[in-house]
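Student: 3D model of this:
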Amino acid sequence: MAKKGAPPRWDRTMQQRLARGEAAALGELYDRFASLVHGLAHRVLGDDEAADGMTREVFAHVWENPDAYDPRQGPLRSWMAALTHRLAVQRLRATETAALAQGADAESRAEELERKVRHASVAARADYIVHSMPAPLRAALDLAYVQRRDYRQTAADLGVTEDEARRRLRLGLQLLSTAHDTGTPPEDGGAR
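Tutor: Sure, this is the predicted structure:
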């Protein structure tokens, strides 16, 4: 049995394998987290090509800096998400700052940039929350808000009581509401 607060075995083992330079470990990491990284990068940057480049940059950073992740600080998934967010926001700010330098109305462009960054951060955090929440909550939210079923239909589709369907929807929405509370993951996310 694992100690409370101990990092998951897979995360520790992966970090050790990356530190030893095992190329196969990078492939496994990519298989597991590429869609998460690409999705978060796309949320921030708003462009598939830029998200592709950011995905490559994130995995290159992990390969070149395997000791940047400390399993004692939290799950590898969270660290990868924070790293992606940090690098994507840096890229967005750099791109927009270059555009600002060429523009006439720098103050309004700077405000627009900060609004874009805040919006992208909340969207990326919400996306991460949805993908990280337990499958039963995610399934209930999908049925209710994507497929537009009411809680009775959601309960029937999930094979649970109506009270359980309402509980899952409430918990899922409570988790999602935190996307606005904190706005962004920690600035460095332990990714140095």
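
Student: residues touching A24, list them.
Tutor: R17 (CB atoms under 8 Å, 6 or more residues apart in numbering). The way it works is simple: take the backbone N, C-alpha and C, and place the C-beta from them, glycine included.

Student: roughly how far is stretch 143-152 from the heart of the chain?
Tutor: Distance of stretch 143-152 from the chain centroid (CA atoms, centre = their mean, to the nearest Å) equals 24 Å.

Student: scratch that, stretch 171-182 is what I was asking about
Tutor: Relative to the mean C-alpha coordinate of its chain, stretch 171-182 is positioned 14 Å out (CA atoms, centre = their mean).

Student: same thing with stretch 64-78?
Tutor: 15 Å.

Student: that one spans what distance, first to last residue?
Tutor: Terminal residues of stretch 64-78 lie 19 Å apart, using CA to CA, to the nearest Å.

Student: what is the mean pLDDT for it?
Tutor: Over the span of stretch 64-78, the pLDDT mean works out to 88.

Student: kindly report the same for stretch 95-104.
Tutor: Rounded mean pLDDT across stretch 95-104 is 65.

Student: low pLDDT regions in this protein?
Tutor: 1-7, 97-107, 109-110, 181-192 (pLDDT under 70).

Student: which parts of it are helices?
Tutor: For the chain, the helices defined by DSSP state H occupy 9-19, 23-45, 48-64, 76-102, 106-132, 135-141, 151-158, 162-182.

Student: what comes into contact with stretch 41-48?
Tutor: With CB under 8 Å, 6+ apart, stretch 41-48 has contacts from 50-51, 54-55, 58, 84-85, 88-89, 91-92, 120-121, 123-124, 127.

Student: wait, doesn't V117 sit right on R93?
Tutor: Yes. Judged on CB atoms under 8 Å, V117 makes contact with R93 at a distance of 6.7 Å.

Student: and the two? Which one has more around it.
Tutor: V117 (18 against 15; other CB atoms under 10 Å).

Student: dump the helices of the chain into JSON lines; add distance to D70 as well.
Tutor: Formatted as JSON lines, the helices of the chain follow (distance: least, CB to CB, whole Å):
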{"stretch": "helix 9-19", "distance to D70": "8"}
{"stretch": "helix 23-45", "distance to D70": "16"}
{"stretch": "helix 48-64", "distance to D70": "13"}
{"stretch": "helix 76-102", "distance to D70": "8"}
{"stretch": "helix 106-132", "distance to D70": "19"}
{"stretch": "helix 135-141", "distance to D70": "28"}
{"stretch": "helix 151-158", "distance to D70": "38"}
{"stretch": "helix 162-182", "distance to D70": "21"}
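
Student: give me the number of residues near L29?
Tutor: The burial count for L29: 20, using other CB under 10 Å.

Student: contacts only, for A165.
Tutor: Contact partners of A165, counting by CB under 8 Å, 6+ apart, are 140, 151-152, 154-155, 158.
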